[in-house]
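Peer 1: sequence and predicted structure below; questions after.
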Amino acid sequence: EIVGCCEVIEERLDVSPISKLKATISERERNKAARRRPLIENLSVKKDYRRSGIGVALLKACEESVRSWVPFHDEVFAQVELENDCALEFFERCGYQILFDDPTCKRIVIDGTIFMKEATVTKVMMRKPLDRQDA
C-alpha cells in the first residue's frame with residue numbers, strides 16, 4: 001500500500017519577490033530566464049497516516065537527494081497554496097521560510113467531467129538553506 005509520495009525536480013524558478021509590475025507577468029514567463037533550482041512538489045500522505053513521521057521522512061529524503069546533485073545546490077524550495085494552512089505549517093516546522101506570495105500560479109482543476117482546466121491560484125514560495133554537512 002502506498003501511503004505517501006513526494007517529488008523533487010530541478011526547475012527554473014524566479015525567487016525574487018513579486019512586485020506589482022512582475023505580478024502582471026505570468027509565473028511561466030518569469031521563470032523562463034530564471035536559474036535552475038530544486039523544487040519540492042506534490043508532497044502527500046494518506047489521511048490515516050498523517051502525523052506519523054512519513055511526511056518528514058519523505059521531505060528529508062528529497063533534501064538528501066538534492067545534496068547529491070551536481071552542481072551542488074545550497075537551498076531547496078517549495079510552493080504551497082496559500083489556503084493550505086496545514087502544509088504551510090508543516091514546511092515551516094521543517095525549517096522552510098516564507099519568501100513571498102505569488103498570485104500568478106496555475107494548478108490543474110478537474111471540472112467533474114473528463115475535462116481539466118488551469119485555474120489561477122496564489123502560492124507561497126518557501127525556501128530552506130542546505131549545507132553539505134547535513135547529508
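Peer 2: Done, it's in. Not measured: the values here are computed from a predicted model. Numbering: from 1, shown residues only.
Peer 1: show me where this protein has its strands.
Peer 2: In the chain, the strands defined using DSSP state E lie at 4-12, 36-45, 75-81, 97-110, 116-129.
Peer 1: to Gly55, which of the ones you listed lies closest?
Peer 2: strand 36-45 (4.9 Å; C-beta to C-beta). All C-beta atoms are positioned from the backbone trio N, CA, C, and that covers glycine.
Peer 1: quick one: distance of that closest one to the chain centre.
Peer 2: Distance, stretch centre to chain centre, for strand 36-45: 4 Å (C-alpha atoms, centre = their mean, to the nearest Å).
Peer 1: partner strands of that strand, parallel or antiparallel?
Peer 2: If you go by DSSP bridges, strand 36-45 pairs up with strand 4-12 (antiparallel), strand 75-81 (parallel).
Peer 1: may I have that strand as PDB, with CA atoms only?
Peer 2: Written as PDB, here are the backbone C-alpha positions of strand 36-45 (Å, rounded to 0.1, in the frame of the first residue of the first chain):
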ATOM      1  CA  ARG A  36      17.500  26.300 -12.100                       C
ATOM      2  CA  ARG A  37      16.700  25.400  -8.600                       C
ATOM      3  CA  PRO A  38      15.400  22.300  -6.700                       C
ATOM      4  CA  LEU A  39      11.700  22.400  -6.000                       C
ATOM      5  CA  ILE A  40       9.700  20.000  -3.800                       C
ATOM      6  CA  GLU A  41       6.400  19.200  -5.300                       C
ATOM      7  CA  ASN A  42       3.300  17.100  -4.600                       C
ATOM      8  CA  LEU A  43       4.100  16.000  -1.100                       C
ATOM      9  CA  SER A  44       1.100  13.900   0.000                       C
ATOM     10  CA  VAL A  45       0.400  11.500   2.800                       C
END
